[in-house]
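Novice: Provided below are the primary sequence and the corresponding predicted coordinates.
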Amino acid sequence: MTKPLRKITVEVPEATLLAAQAHTGEGVSETVRTALERLAQVRIQNEFRKLRGKVKFFMTVDELKYDRE
């Protein structure tokens, strides 16, 4: 199942786009998709960081690993 796509027009500095493409090794569209996905991931990571120290775990590491044996 493919995700719905939305066509957009974006103006970006050429040097920035070329640097990003050199990093990804992909074309313009895939580079932009990768950058947008990464931005979304950073937002989620920041939300999880806000929870640091607020979630209490009551199991030891050995108890968490128990089901892997």
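Specialist: Looks like it came in fine.
Novice: for the residue nearest the centre of the chain, give me its contacts.
Specialist: The centroid of the chain falls nearest to Q41 when counting by CA atoms, centre = their mean (2.8 Å). Listed by CB atoms under 8 Å, 6 or more residues apart in numbering, Q41 has no contact partners. Glycine gets a C-beta too; all of them are placed from N, C-alpha and C.
Novice: spell out the secondary structure type for it.
Specialist: helix (DSSP: H, G, I helix; E, B strand; the rest coil).
Novice: how about K54?
Specialist: coil.
Novice: give me the number of residues near it?
Specialist: 6 (other CB atoms under 10 Å).
Novice: where in this structure is pLDDT low?
Specialist: The model of the chain has pLDDT under 70 over residues 68-69.
Novice: tell me the secondary structure of A22, please.
Specialist: Once three-state DSSP is applied, A22 turns out helix.
Novice: how much space between it and P13?
Specialist: Per CB to CB, to the nearest Å, A22 is found 14 Å from P13.
Novice: in the helix or strand harbouring A15, which residues are buried?
Specialist: Taking DSSP states H and E as the definition, A15 sits inside helix 14-24. Across helix 14-24, burial judged by 16 or more other CB atoms under 10 Å covers 17, 20-21.
Novice: in contact with A20, which residues?
Specialist: 31, 35.
Novice: any chance of the buried residues of helix 14-24 in CSV, with distance to V61 too?
Specialist: As requested, the buried residues of helix 14-24 are exported to CSV (distance: CB to CB, whole Å):
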residue, distance to V61
L17, 45
A20, 39
Q21, 42
